[in-house]
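K.L.:
sequence first, then the predicted structure, then my questions.
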Amino acid sequence: MATATEPKQVQQQATDVAVVAASAPGGGRKVVDEVSGWMRVMDDGTVDRTWTGPPEALPLMQPVPPYAEPRDGHTLHDIPGEPNLRVYLPEVATDAGAGLPVIVQLHGGGFCISHPSWLMYHHFYARLACALPAVVVAIELPLAPERRLPAQVDVALDALRRLRSIAVSDGADDPAAKLLRTAADFSRVFLIGDSSGGNLVHLVGARVGEDGAGTWAPLRVAGGIPIHPGFVRATRSKSEMEGTADSVFFTLDMLDKFLAMALPEGETKDHPYTCPMGPNAPPLESVPLPPMLVAVAEHDLIRDTNLEYVDALRAAGKEVELLVNRGMSHSFYLNKYAVDMDPVTGERTKELVDAIKSFVDRR
């Protein structure tokens, strides 16, 4: 149940879920499709995203309310608007006139589920804000099938426009926006995305590049960090056929059904949104991308197509760095309990944070 201190968008999300759940099959509707416990599509087109999988996973999906009083070296603020933004501000002193880099988070969930306020994102991005240090801005993205691609790309671009407006505005505005403007160096914006959010890093970075620096100044996208991006092909890769999902957070059922619901009607996974290295996409040589750091999990079901993407960037002459998360599965670092309790997962998460810090510090 949402509390009075929770952000307005989180309250609305909880209300929407409750309404849909209350009117589920007992109200005469029928489930026409279900995805691995994450969501059910009803025969009237409505969607129920009430979690029905293992109950031990549920705490990771609980929303974290904002807080203006420092916790663990940072504060957390919501900036309502179109779209809603969530801002992590580390408590660090900077040189006079120097701002902190801005990390713009594009959340995963196969374009169909999740919310940036969830604990799974919160614990990692709060840590990242303090470790770099950087301002982290998480974007609330629309969800498919209600809103199919390219809606997520368009909203991410709208978020960058909001940041640009905050950067140039000196008038009265949201108090959190004023804090953000004071803390941030908008000439050092880095796009970071988990899973399907990694696809958005590529797609949004390309769109910004096509517009040219003058369109976005003083905001500048200095780099992109796709983490375990959802790049695939219509045909199964070797890792998809031979791998075994060891997490409720990523299965082949989710991969297939989420993308079928998210891609434009009638399109396959060979679409440029999910296969930017394929023949249906513009040649990568012609795509204006920022420098990239791509993280690939060794045991990810889509490891092979992730590596193919990196190889294609290199062949196209793009600036790209690769980090392989040895022994890890898809989005391992979002599982707070594994990060805290399993030494190997904790060490691999530290390696990921350190690699991101190194990448950002050099740009």
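P.N.:
Thanks, I have the structure now. Residues are numbered from 1 along each chain as shown.
K.L.:
can you map out the helices along the stretch 201-350 of the chain?
P.N.:
Under the criterion DSSP state H, counting those that start in this stretch, the stretch 201-350 of the chain contains helices at 213-216, 238-242, 252-262, 303-315, 336-341, 343-361.
K.L.:
of those, which is nearest residue 114?
P.N.:
Of all the helices of the stretch 201-350 of the chain, it is helix 252-262 that lies closest to residue 114, at 10.8 Å by CB to CB. For glycine as for every other residue, the C-beta is placed from the backbone atoms N, C-alpha and C.
K.L.:
mean confidence (pLDDT) on that closest one, please.
P.N.:
In this model, helix 252-262 has a mean pLDDT of 96.
K.L.:
contacts for that helix?
P.N.:
Identification of contacts with helix 252-262 by CB atoms under 8 Å, 6 or more residues apart in numbering yields 33, 35-36, 38, 41, 109-113, 144-145, 148-149, 152, 196, 230, 232, 240, 245, 269, 274, 301-302.
K.L.:
quick one, strands of this structure?
P.N.:
31-35, 39-42, 47-48, 67-71, 74-79, 85-90, 100-106, 135-139, 184-194, 221-227, 292-297, 320-325 (DSSP state E).
K.L.:
pull the helix or strand with minimum mean pLDDT from the chain.
P.N.:
Of the helices and strands making up the chain, the lowest-confidence element is helix 8-22, at a mean of 38, by mean pLDDT, DSSP states H and E.
K.L.:
one step back: need the strands of the chain in CSV (columns: mean pLDDT and distance to residue 263).
P.N.:
Below are these laid out as CSV (pLDDT from 0 to 100; distance: least, CB to CB, whole Å):
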stretch, mean pLDDT, distance to residue 263
strand 31-35, 95, 15
strand 39-42, 96, 15
strand 47-48, 97, 16
strand 67-71, 96, 38
strand 74-79, 97, 30
strand 85-90, 98, 26
strand 100-106, 98, 17
strand 135-139, 98, 20
strand 184-194, 98, 17
strand 221-227, 98, 18
strand 292-297, 98, 22
strand 320-325, 98, 25
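K.L.:
any weak-confidence spans in the stretch 51-200 of the chain?
P.N.:
For the stretch 51-200 of the chain, the stretches with pLDDT under 70 are 93-97, 170-172.
K.L.:
what ranges does it have for its helices?
P.N.:
Counting by DSSP H, counting those that start in this stretch, the helices of the stretch 51-200 of the chain are 119-131, 151-168, 175-183, 196-211.
K.L.:
quick one: which of the ones you listed is nearest residue 359?
P.N.:
Using CB to CB, the helices of the stretch 51-200 of the chain put helix 119-131 closest to residue 359, at 11.8 Å.
K.L.:
got a list of what residue 41 touches?
P.N.:
Taking CB under 8 Å, 6+ apart as the test, what residue 41 contacts is 31-34, 47, 145, 261.
K.L.:
neighbours around the residue nearest to it when sequence neighbours are not counted, how many?
P.N.:
In this structure, residue 41 finds its nearest non-sequential neighbour in residue 33, 4.4 Å apart by CB to CB, 6 or more residues apart in numbering. Close neighbours of residue 33, defined as other CB atoms under 10 Å, add up to 14.
K.L.:
residue 33: what's it in contact with?
P.N.:
40-41, 257.
K.L.:
how about the strands of the chain, which one is nearest residue 339?
P.N.:
When those are compared for distance to residue 339 using CB to CB, the nearest one is strand 320-325, at 12.4 Å.
K.L.:
so in that sheet, which strands flank that closest one, and in what orientation?
P.N.:
Paired strands of strand 320-325, with direction, are strand 292-297 (parallel) (DSSP bridges).
K.L.:
and the contacts of the strand it pairs with?
P.N.:
For strand 292-297, the surrounding residues in contact (CB under 8 Å, 6+ apart) are 198, 201, 205, 223-229, 303, 306-307, 309-310, 313, 318-325, 328-332, 352, 355-356, 359.
K.L.:
could you do stretch 154-167 as well?
P.N.:
Everything outside stretch 154-167 that qualifies as a contact, by CB under 8 Å, 6+ apart, is 79, 81-83, 85, 102, 104, 106, 137, 139, 141-142, 173, 177, 180-181, 184, 186, 189, 200, 204, 207-208, 216, 218-219, 221.
K.L.:
if we can go back for a sec, can you redo the contacts of residue 33 as JSON lines with distance to residue 286?
P.N.:
JSON lines is the format used below for those (distance: CB to CB, whole Å):
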{"residue": "40", "distance to residue 286": "41"}
{"residue": "41", "distance to residue 286": "37"}
{"residue": "257", "distance to residue 286": "32"}
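K.L.:
go through the residues you listed and name the one nearest residue 344.
P.N.:
Among those, residue 257 lies closest to residue 344 (CB to CB), at 30.7 Å.
K.L.:
before we move on, back to that, now the strands of the chain as a markdown table including distance to residue 250?
P.N.:
Output for those, formatted as a markdown table (distance: least, CB to CB, whole Å):
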| stretch | distance to residue 250 |
| --- | --- |
| strand 31-35 | 12 |
| strand 39-42 | 15 |
| strand 47-48 | 20 |
| strand 67-71 | 30 |
| strand 74-79 | 27 |
| strand 85-90 | 23 |
| strand 100-106 | 17 |
| strand 135-139 | 20 |
| strand 184-194 | 11 |
| strand 221-227 | 13 |
| strand 292-297 | 9 |
| strand 320-325 | 14 |
